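Asks: below is the sequence, then the predicted model.
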Amino acid sequence: MDRDQMNPIRDQPPNLRSMNPLCYQFMAEDALLGMGMQQQQLPSASIRHMDWSPDTMLGNLTFIEEKIRQVKDVIHAMAGRSSATQGELAAQQQQQLVNADLTCLIVQLISTAGSLLPSLKNSSFLSGAPPAAGTGQAVSLAGESSSSVRNGVSKEGDMGSPDYEELFKGWTNGAMEECIGGGGVIAGEEQDAMLDAFGVDGETPLPPPPESYQVLQLEEDEILAPHTHFCSICGKGFKRDANLRMHMRGHGDEYKSAAALAKPPPSADAGEEQERRYSCPFAGCKRNRLHKSFLPLKTILCVKNHYKRSHCEKRHTCGRCGAKKFSVMADLKTHEKHCGRNRWLCSCGTSFSRKDKLFAHVALFQGHTPALPPPPTSTATQAADDPATTARASAPSSGHQQEPAGAASFMWGTSSCHGDDAFLDVKDIGGGDGDGFFSAANLGSIDFGFGHLDAFAVDHSLAMLLPSEQFTNAQESEER
Amino acid sequence: MSEEVQRYGGGGGGVGALSLDLLGQVLDRVREPRDRKACRLVSRAFARAEAAHRRALRVLRREPLPRLLRTFPALERLDLSACASLDDASLAAALAGADLAGIRRVCLARANGVGWRGLDALVAACPKLEAVDLSHCVGAGDREVAAVAAATGLRELSLEKCLGVTDMGLAKVVVGCPKLEKLSLKWCREISDIGIDLLSKKCPELRSLDISYLKVGNESLRSISSLEKLEELAMVCCSCIDDDGLELLSKGSNSLQSVDVSRSDHVTSQGLASLIDGHNFLQKLNAADCLHEMGQRFLTNLAKLKETLTVLRLDGLEVSASVLQAIGEGCNNLVEISLSKCNGVTDEGISSLVARCSHLRVIDLTCCHLLTDNALDSIAENCKMVECLRLESCSSISEKGLEQIAICCPNLKEIDLTDCRVNDAALQHLAKCSELLILKLGLCSSVSDKGLAFISSNCGKLIELDLYRCTSVTNDALAALANGCKKIKMLNLCYCNKITDSGLGHLGSLEELTNLELRCLVRITGIGISSVAIGCKNLIELDLKRCYSIDDAGLWALARYALNLRQLTISYCQVTGLGLCHLLSSLRCLQDVKMVHLSWVSIEGFEMALRAACGRLKKLKMLSGLKSVLSPELLQLLQAFGCRIRWVNKPLVYKD
């Protein structure tokens, strides 16, 4: 995991840096990287862009043209279909299909355009242009043909693909930061030094960090991005480079070659490079490089986990106890392994996973006693503990008392049955819609299950959706 | 005593002039419950005095409980162990209307029907509670114990065989009752070292602790050694405890007075020796069935306890005459010694032992086959104080040895001659011991009416007589006993098959009789049982197994008259479902019934009878074939009321 996470950073930036060795572009690049801007080119392009040349530029531009044509076609098709009389639902679905297509195309457009970036670096695009301008530029790039494209894009935003906007935001933010750093043409170390020298907030300058490592700082968006690798063809995001390569095989035979599937070799000068350490973007955090006693984070993964744990809302609630909340999913999973097994409870409310720990606690504190589990359900205890009052009459009454437990288990059975039904329903919907697209209702429930789900991934996350759908339905039925 | 009181009480008016205090003082000096009852019945003044002064109460039935609790406001000790069909609701209801502020001790032994709700109510109603006995409440668990733990002033608690109690329950108790002085955890198999450790941290006042049959190890003894006031420690059959544990225990404060390591397999004499090193004031040492050989170091250490040691049990040990001599020289103050099943106990050994131990009162020589009259002679010569002599299976002894004992030991209260082949002449000698309370003559087939006539004529205090398989005994012996030994409470006549109904007729005059075993008396019928039932009002336990001639008439009589009957065995009797139904529905104290092979009783008969009694029964023994044919509701109901059923599967064989 750690190594895989490191890959995009270790391996890719040098490639990009080779395009522009002057500028340490980590933030801007990583914004791109985070948003699928890094491997977006067709492999041919990405291979060619290694050796930077006008040919590559031309190839990229051709690609852009082609993509623009595709967008046009889609819009045309949409116009044609909308003229035909169709059911509203069908039209809606159609629109979503088109939107997804558009999204994919535009991402590819932008990504290819991004490969032209080195030449644009010092242009107005990155040197402090307002975000809106950037967006406009991108949009105009994508849809110079008709205004309906713009509508499509804006709808995209409405549909709730925040990542798309974040893409631009991150982009421009990165650029802005760079400007603060030093006009955007400054190496990372120098930038750090300058920042230190500026002594932001009038503090005394920090002691320069040890020369043994260089300090990098990722932005919040990059840290929180669910995926760091994106398919240049369909836009699907991946957490790991290797997974992306496996995915690429589905797009054609050229991706199945040993060379394409091989792990990109670590850059030659990796050994000579200074070790990297990371800084948390949260101002005032001890892990922030501006902090007096700055403690750097070792890896990207550390950064991610630290940022989520320390500065993010704890969105993952344990389904079993309902009390513990986590911001890192792995923490929740670790907790769930033990949750409910903390059966050693003290009267003070502290729970222990081991009896001897509880007893040591009880021995230590005056008045604390182990807490017994609550008495069994009233009906059961009535039958077991209080037979005289309730069971006095005769056997039939005792048989009756046994019923509630049975009934409860029956209820449980039905609820699980219900879950199964829900599961089947979902499957039916998925199959019935034919093209693997979902109705609005389904999308809604997806949002319920996942919080924010990037639009790129919608059509590929069927496998993930079904369990979540089942989960939410089961929850609802339990609430009922 | 009885007549005296009746004389005073009979006057009525004269007694009434005395103050309640004085009358209470008088009643306090009347020991026998029957005499007190007589006082109560003949004089209102005594009745009032008793109501105001009565300290202890033992309730036999559930129904009068509320009234009794209201009647005796000064109660301090409440015994509900024999109270049939007591459950949470009835207990709570009885407690609600009464003032129980004075109650200090409550015994709920075997009260299986009482759960945590009842105990909650009890503890809430009795703020001064100091002692609670929950022994043999096999259903009791942590929740019940937690309810008891609310009694903060508790000093004594017995949780013997509360099978559900775990460390959690124990922790509740030790935190809730820090003043605990006496605690028995016998058979609470769920309790572990952790619980014992917490106990020793939280209850520094503990004086007596019983951890018998627990699965605790040496770590527990390490914790226990920190209890500075511990005097009594029982760890019977703790197989996880060994010499290292005893070594740890010896590191503690030198407070132990009584240690019981019997049947703890991994304890050797080395461990006991090191234990004695640390605890020099031991008074009682029970190492029965755990030692295999006597270590020299243990012997020398025993001598260090010369002044204090009074009780020594070495059952099952390989001993020689020299060892016994060393013990005799080392422990001069021994009052009780047990050498039962010890190999190598000889006349010389016994004589060298008793030569120095003149204070011995209890001598257990069960299964010391080598002993002869010489040993008895030396005991008689040296131990004039002896009160209890157990000589079971010492088959070489004869009337001559017993004659010496009878002459020299006038205090003899208990003698066990089971399987000693003694004859009437021996009984003639023993009859000189007029203090005799317990006499066991099982398997002495040569004992006849003549010998028992001697006993009856002189041993008027006898309370227990065992004539198991004394086949020469006939009705005449019973007639003599009924005349001479009016105090007999326990009588075993199993397999004395010459006894008939007329013999039982004599037994009817033994009003004190509580336990009567008549197994395999094939000649007795319902008529004999009727006379017993009518005469022996206090009968609690009756064994009629294999009394083939007993029919419904016997059961009807029992149902009508044996109102206090608690345990009954009627296996193999020729009773019908009707009789069984009537019996089980009438006897309100009946808790334990063994009814195997009642071949005349139909399934419906069993069903009806059990339904009629299912709130009261605590133990049942039945054929396993019935398990499947009885209705499941009935079995569930029985279980819900805390009744344990033992299913047996054995062929029906008639034997005489």
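Replies: That came in fine, so what should we check first?
Asks: contacting residues around A:K325?
Replies: A:K325 makes contact with A:314-318 under the criterion C-beta atoms under 8 Å, 6 or more residues apart in numbering or on different chains. Using the backbone N, CA and C atoms, a C-beta is placed for each residue, glycine as well.
Asks: can you count the residues close to the residue of the stretch 401-550 of chain B found nearest chain A?
Replies: Using C-beta to the nearest C-beta, the closest approach of the stretch 401-550 of chain B to chain A is made by B:I540 at 24.0 Å. B:I540 has 20 neighbouring residues, counting by other C-beta atoms under 10 Å in any protein chain shown.
Asks: residues from chain B in reach of chain A?
Replies: Proximity of chain B to chain A is confined to B:85, B:87-90, B:113, B:115-117, B:142-143, B:146, B:149, B:167-169, B:171-172, B:175-176, B:194-195, B:197-198, B:201-202, B:611, B:615, B:631, B:633-634, B:636-637, B:640-641 under the rule C-beta under 8 Å from any C-beta of the partner chain.
Asks: among those, which are in strands?
Replies: Counting by DSSP state E, no part of those is found in strands.
Asks: coming back round to it: closest to chain B among the contacts of A:K325?
Replies: Out of the contacts of A:K325, the member with the shortest distance to chain B (by C-beta to the nearest C-beta) is A:C318, at 24.6 Å.
Asks: about what we covered before: go through the contacts of A:K325 and flag which are in strands.
Replies: Going by DSSP E, the strands hold A:316-317 from the contacts of A:K325.
Asks: most neighbours of all the contacts of A:K325, which one?
Replies: In terms of neighbours by other C-beta under 10 Å, the contacts of A:K325 top out with A:H316 at 20 neighbours.
Asks: what ranges do the strands span in the stretch 351-500 of chain B?
Replies: For the stretch 351-500 of chain B, applying DSSP state E, counting those that start in this stretch gives strands covering B:362-364, B:388-390, B:414-416, B:438-440, B:464-466, B:490-492.
Asks: present those strands as JSON lines; the columns should include mean pLDDT.
Replies: Output for these, formatted as JSON lines (pLDDT from 0 to 100):
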{"stretch": "strand B:362-364", "mean pLDDT": "96"}
{"stretch": "strand B:388-390", "mean pLDDT": "96"}
{"stretch": "strand B:414-416", "mean pLDDT": "96"}
{"stretch": "strand B:438-440", "mean pLDDT": "96"}
{"stretch": "strand B:464-466", "mean pLDDT": "96"}
{"stretch": "strand B:490-492", "mean pLDDT": "97"}
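Asks: now for the contacts of A:K325: which two are most distant?
Replies: A:R315 and A:C318 (11.9 Å; C-beta to C-beta).
Asks: give the buried residues for the helix or strand containing B:A45.
Replies: Assigned by DSSP states H and E, B:A45 falls within helix B:44-53. Using 16 or more other C-beta atoms under 10 Å in any protein chain shown as the test for burial, helix B:44-53 gives B:45-46, B:49-53.
Asks: could you export it as CSV, CA atoms only?
Replies: What follows is helix B:44-53, C-alpha atoms only, in CSV (Å, rounded to 0.1, in the frame of the first residue of the first chain):
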residue,chain,number,x,y,z
ARG,B,44,-51.1,-16.4,75.6
ALA,B,45,-48.4,-14.7,77.7
PHE,B,46,-45.8,-17.0,76.3
ALA,B,47,-47.1,-16.6,72.9
ARG,B,48,-46.8,-12.8,73.3
ALA,B,49,-43.4,-13.1,74.8
GLU,B,50,-42.2,-15.3,72.0
ALA,B,51,-43.6,-13.0,69.4
ALA,B,52,-41.7,-10.1,70.9
HIS,B,53,-38.5,-12.1,71.6
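Asks: for that helix, which helices and strands make contact with it?
Replies: Contacts defined by 3 or more C-beta pairs under 8 Å, 6 or more residues apart in numbering or on different chains; DSSP states H and E place helix B:44-53 against helix B:13-16, helix B:20-29, helix B:33-42.
Asks: about what we covered before: among the residues of chain B next to chain A, which lie within helices?
Replies: B:88-90, B:116-117, B:142-143, B:146, B:167-169, B:171-172, B:175-176, B:194-195, B:197-198, B:201-202, B:611, B:633-634, B:636-637, B:640 (DSSP state H).
Asks: what's near enough to touch B:I350?
Replies: Here B:I350 is in contact with B:324, B:365, B:371, B:375, B:378-379 (criterion: C-beta under 8 Å, 6+ apart).
Asks: whichever strand or helix holds A:Q214 pairs with which strands?
Replies: Using DSSP H and E, A:Q214 falls within strand A:213-217. Here strand A:213-217 has these sheet partners by DSSP bridges: strand A:275-279 (parallel).
Asks: buried ones in the following helix or strand past the partner strand?
Replies: Where DSSP H and E defines the elements, the next helix or strand beyond strand A:275-279 is helix A:300-311. Judged by neighbour count using 16+ other C-beta under 10 Å, the buried positions of helix A:300-311 are A:300-308, A:311.
Asks: show me which of those is closest to B:E517.
Replies: Closest to B:E517, out of all of those and judged by C-beta to C-beta, is A:N305, at 77.7 Å.
Asks: tell me who's in contact with that closest one.
Replies: A:N305 touches A:328, A:330, counting by C-beta under 8 Å, 6+ apart.
Asks: rerun that using 6 Å as the cut-off
Replies: A:V328 (C-beta atoms under 6 Å, 6 or more residues apart in numbering or on different chains).
Asks: next, count neighbours for residue 353.
Replies: No chain was given, so I picked chain A. A:S353, neighbours per other C-beta under 10 Å, totals 12.
Asks: wait, chain B was what I had in mind.
Replies: B:L353: 30 neighbours (other C-beta under 10 Å).
Asks: next: B:Q567.
Replies: Considering only other C-beta under 10 Å, B:Q567 is surrounded by 18 other residues.
Asks: circling back: and the residues of chain B next to chain A, which are buried?
Replies: For those, buried by 16+ other C-beta under 10 Å: B:85, B:87-90, B:113, B:115-117, B:142-143, B:146, B:149, B:167-169, B:171-172, B:175-176, B:194-195, B:197-198, B:201-202, B:611, B:615, B:633-634, B:636-637, B:640-641.
Asks: could you point out which element follows the helix holding B:A45?
Replies: Using DSSP H and E, the helix or strand that directly follows helix B:44-53 along the chain is strand B:56-58.
Asks: now the closest residue to B:C496 other than its chain neighbours: phi and psi?
Replies: Excluding the flanking residues, the one nearest B:C496 by C-beta to C-beta, 6 or more residues apart in numbering or on different chains is B:V473, at 4.6 Å. B:V473 adopts backbone torsions of phi -70, psi 130, taken as degrees, to the nearest 10.
Asks: now B:A482. Nearest residue, chain neighbours left out?
Replies: B:H506 (4.1 Å).
Asks: how far away is the nearest residue to B:R110 once chain neighbours are set aside from B:C162?
Replies: Nearest residue to B:R110 in three dimensions, chain neighbours excluded: B:H136, at 4.6 Å (C-beta to C-beta, 6+ apart). Separation of B:H136 from B:C162 (C-beta to C-beta, to the nearest Å) stands at 8 Å.
Asks: neighbour count: those two, which is higher?
Replies: B:C162 (26 against 21).
Asks: for that one, give me its contacts.
Replies: Counting by C-beta under 6 Å, 6+ apart, B:C162 makes contact with B:134, B:137, B:140, B:188.
Asks: now it, nearest residue through space, not along the chain?
Replies: B:C162 sits nearest to B:A140 (C-beta to C-beta, 6+ apart), 4.0 Å away.
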